[in-house]
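Trainee: coordinates only, no sequence provided:
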DNA sequence: CGCTGCTAGATTGTCAACCGTCCAATAGTT
DNA sequence: AACTATTGGACGGTTGACAATCTAGCAGCG
């Protein structure tokens, strides 16, 4: 982290497919690529200024992660967030995050909780000024941090994948969210359960948090064609 | 599931990268490709009779799954199963399988347990004739079935990835296993906990099963250079 | 009028050849 | 013997081309 690093470090850039995958992930998470939309490889390759090979590899990655689905000889499409899909996603996220929390309790739950409380404070500040986008970012950050605190490469990798899908939902539903304060409180509750070294409470609050998210997304999904939550085409 | 389906269904064959990925997965799971070994793409492409494009896509998939790791401008290598890696893998597997079990309890734990008991019977028959390879297959099958019974696409997908890594370990450790009968009993215990609709017991036995596996693999890893569990090179 | 079958266009899937980059082993020097 | 320069080999990426396949539109027929 010395100043000199800034000059000698950036020589090793990550591979092109990695960059492409990241860009696409962000585009999907931010809703620039909509659910069900097709990704034409010729067009994308031109736009991104790369050839089809690395592009295909990058898209391959997202397909593997479940963000895209492929139809043979037809192309790749952005996954559609059916209510069932949302439920399943949160089921998987719940599995990962609960396991992460359990792992944290074998390490250092108190300092982990403290770190997460920092995030909730950022979230609270953003909520105070009605900056919902930043609240959402902090939301994601909170869960990402939670899992990374378990120091498990696999849990982290799996969770990252799931988070992109979450981002898809959150972004599209930001405005439908209930009170931001409530949202902050829920996260703070989890962090505080950690600092108080109460495993059962942490687990319980995590589960409640997930169930709550499913509920909100499900009711939004039953609305009039909101998102891509109901049948496309 | 009508008989006619058998004639109209199989028209879509899987893509070349899929086939390649499967072949490599099997090769790794069966120990034909050893831990730490490099996969030269030129050579592999020649052997498999495909060009570099699809081959790279297939290998890309395994990299994403964590079975291979890539070193820039050097190539792809089979992951090395360090004791730490094994621990992390079982941590992730535990997270998934426990969540799957919990989900099964919301569906039909009794018939699920019955189905798993069938698998344990196969396992028992193989154990009776000292066919350890088949016991291992049944072991994998048991866990695969367990997760698929939760009917969660994501849990299933994630778990499949982890199982290939498991297969790597199991195959290499088959001969070091303690009594096969004990192994059968452990699995039967889990299945019976399901049929008796005892969630807490199921969870407890699952955790015990995983911890047991870690313990066995860890002690085997401390042996004299067994597997690729200790430092390669 | 509706259905079948064909054709054209577009897109994906695969291959092959080419070059720049980077690592690592080797050879050569001090 | 230790260090440095060279060089070979493999990967990463690009380009271009061709085959396979799907969609859509149109002609022909009952």
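Mentor: Yes, it's here. Because the structure is predicted, anything quoted here is derived from the model rather than measured.

Trainee: what parts of chain A come near chain B?
Mentor: A:12, A:15, A:17, A:53, A:56-57, A:60-61, A:64-66, A:70, A:72, A:88-89, A:91-92, A:94-96, A:98-99, A:103, A:152-155, A:157-158, A:162 (Cβ under 8 Å from any Cβ of the partner chain). For glycine as for every other residue, the C-beta is placed from the backbone atoms N, C-alpha and C.

Trainee: check contacts around residue A:142.
Mentor: Neighbouring residues of residue A:142 by Cβ atoms under 8 Å, 6 or more residues apart in numbering or on different chains: A:116, A:119, A:120, A:123, A:187, A:191.

Trainee: and the helix or strand containing the fifth one, what's its mean pLDDT?
Mentor: Assigned by DSSP states H and E, residue A:187 falls within helix A:180-195. Across helix A:180-195, the average pLDDT comes to 94.

Trainee: residues in contact with that helix?
Mentor: Contacts for helix A:180-195 (Cβ under 8 Å, 6+ apart): A:101, A:104, A:109-110, A:112-114, A:116-117, A:119-120, A:123-124, A:126-127, A:130, A:132, A:135, A:139, A:142, A:146, A:177, A:201-202, A:205-206, A:208-209, A:212.

Trainee: that older thread, sort out which of the residues of chain A next to chain B are buried, if you could.
Mentor: Among those, the ones that count as buried by 16 or more other Cβ atoms under 10 Å in any protein chain shown are A:17, A:56-57, A:60-61, A:64-66, A:88-89, A:91-92, A:94-96, A:98-99, A:103, A:152-155, A:157-158, A:162.

Trainee: among those, which are located in strands?
Mentor: Judged by DSSP state E, the subset of those located in strands is empty.

Trainee: in helices, which of these fall?
Mentor: Among those, the members falling in helices are A:17, A:56-57, A:60-61, A:64-65, A:88-89, A:91-92, A:94-96, A:98-99, A:103, A:153-155, A:157-158, A:162 (criterion: DSSP state H).

Trainee: contacts only, for the spatially most central residue of chain A.
Mentor: In chain A, the centroid-proximal residue (Cα atoms, centre = their mean) is residue A:163; its distance is 2.0 Å. By Cβ under 8 Å, 6+ apart, the contact set of residue A:163 is A:93, A:140, A:143, A:144.

Trainee: quick check: which ranges of chain A have low pLDDT?
Mentor: For chain A, the stretches with pLDDT under 70 are A:1-13, A:172-178, A:220-233.

Trainee: what does it put close to DNA strand D?
Mentor: Counting by Cβ under 7 Å from any atom of the strand, the residues of chain A lying close to DNA strand D are A:15-17, A:49-54, A:57, A:72-74.

Trainee: these also near DNA strand C: which ones?
Mentor: Okay, of the residues of chain A next to DNA strand D touching DNA strand C (Cβ under 7 Å from any atom of the strand), that's A:52, A:53, A:72, A:73, A:74.

Trainee: skip the chain neighbours and tell me the closest residue to the first one.
Mentor: Of all residues beyond its chain neighbours, the one nearest residue A:52 is residue A:45 (5.1 Å), with distances taken as Cβ to Cβ, 6 or more residues apart in numbering or on different chains.
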